[in-house]
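Enquirer: coords below, sequence missing:
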């Protein structure tokens, strides 16, 4: 019976050692899992922060796109106004050119008329001289 008790005690000791070994492996595995969970939580936190940055950058980019879109609309409106102004200026320039041509024509006509008046004045002056010569013969 002592032999059986000793064998049973050895068997129990072996079982306890096996349980302790497996418990040690389980505890080690739990520690490793805890470390993995902590690393995963840190990674998740980094991903969260990155997603927040992406969201903020996206919102900022959207605002910039809206601002650019409004500026493009304003440029389009301004370019239409600019085209109208240029068309008006072109029409005014054409009218001014036509007016200048008309003034030039009138000036040319006046020049011709002045030349005619000058010739007529010269002719009258000559006639007057001739008349004086003719009347100088008569004495009063």
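Expert: Structure received. Computed from a prediction, not measured in an experiment: that's the story for all the values here.
Enquirer: Count the neighbours of residue 122 for me.
Expert: 10 (other C-beta atoms under 10 Å). Yep, even glycine has a C-beta here, placed from its N, CA and C like the rest.
Enquirer: again with residue 13
Expert: Residue 13 has 10 nearby residues by other C-beta under 10 Å.
Enquirer: gap between the most centrally placed residue in the chain and residue 82?
Expert: The chain has residue 68 as the residue nearest its centroid, 5.3 Å off, counting by C-alpha atoms, centre = their mean. Using C-beta to C-beta, to the nearest Å, residue 68 is found at 20 Å from residue 82.
Enquirer: Next: residue 27.
Expert: For residue 27, the distance to residue 82 - C-beta to C-beta - is 81 Å.
Enquirer: cool, residue 60 as well?
Expert: For residue 60 relative to residue 82 (C-beta to C-beta), the value is 32 Å.
Enquirer: what does residue 126 give?
Expert: For residue 126 relative to residue 82 (C-beta to C-beta), the value is 64 Å.
Enquirer: can you check residue 43 too?
Expert: Distance, residue 43 to residue 82, using C-beta to C-beta: 56 Å.
Enquirer: likewise residue 114?
Expert: 46 Å.
Enquirer: and if you look at residue 7?
Expert: For residue 7, the distance to residue 82 equals 109 Å [C-beta to C-beta].
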